[in-house]
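1. this is the structure alone, sequence omitted:
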């Protein structure tokens with residue numbers, strides 16, 4: 001487990017997203033995919049979701065991954081103040097907004113903490 005994955009897990013835990021659901025794993029995998037393919041954020045259904053399916057070595061349809069991530073976000077147990085503190089944004093977010101915001105939050109955190117950033121920039 002690398003620093004990037006630990007940062008994503010930390011964010012998901014702080015937001016109260018349960019670890020036992022598929023969307024949790026999809027989010028972590030999507031962030032890792034975006035680390036190597038940042039332009040995939042602009043092609044969610046054509047590139048990101050199929051990439052997540054391939055990484056997980058499962059025959060998962062893109063709409064299932066999309067739904068799993070959306071479901072995970074809907075289960076967050078914290079209020080807008082917590083979302084703002086962690087991600088700098090509040091309110092309901094689309095999968096694209098959420099993933100892009102998490103990537104940016106991790107970039108900022110790792111840039112301000114260079115000891116953790118080796119080999120883990122999204």
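-> On my side now, so go ahead. Worth saying up front: this structure is predicted, and the values here are computed from it rather than measured.

2. these two touch, right, residue 25 and residue 53?
-> No. The pair residue 25 and residue 53 does not pass the contact test of C-beta atoms under 8 Å, sitting 11.7 Å apart. (Each C-beta comes from the backbone N, C-alpha and C, glycine too.)

3. show me what contacts residue 70?
-> Residue 70 makes contacts with 23, 95, as judged by C-beta atoms under 8 Å, 6 or more residues apart in numbering.

4. check it and give its pLDDT.
-> Residue 70 is assigned a pLDDT of 94 by the prediction.

5. could you give me the buried positions within the helix or strand hosting it?
-> For residue 70, the element it lies in under DSSP states H and E is helix 62-74. Neighbour counts over helix 62-74 (16 or more other C-beta atoms under 10 Å) mark 62, 64-66, 68-70, 72-73 as buried.

6. what residue is smack in the middle of the protein?
-> The chain has residue 27 as the residue nearest its centroid, 4.1 Å off, counting by C-alpha atoms, centre = their mean.

7. just the element for that residue, please.
-> In this assignment (DSSP H and E), residue 27 forms part of helix 22-36.

8. outside of that helix, which residues touch it?
-> Contact with helix 22-36 is made by 4-5, 8-9, 12, 17-18, 40-41, 48, 51-52, 55-56, 65, 67-73, 98-99, 102-103, 106, 120-122, as judged by C-beta under 8 Å, 6+ apart.

9. going on from the lowest-mean-pLDDT helix or strand in the chain, what's the next piece of helix or strand?
-> Considering only helices and strands, the least confidently modelled element of the chain by mean pLDDT, DSSP states H and E is helix 80-87, at a mean of 84. Per DSSP H and E, helix 80-87 leads on to helix 95-112 as the next helix or strand towards the C-terminus.

10. so where's this protein uncertain?
-> Scanning the chain for pLDDT under 70 picks out 114-122.

11. which two of the buried residues of helix 62-74 have the greatest separation?
-> Distance extremes for these: the farthest pair is 62 and 73 at 16.8 Å, using C-beta to C-beta.

12. quick revisit: distance from the helix or strand following the helix holding residue 27 to the middle of the chain?
-> For helix 22-36, the following helix or strand on the C-terminal side (DSSP H and E) is helix 49-55. Here helix 49-55 is found 14 Å from its chain centre; the criterion is C-alpha atoms, centre = their mean, to the nearest Å.
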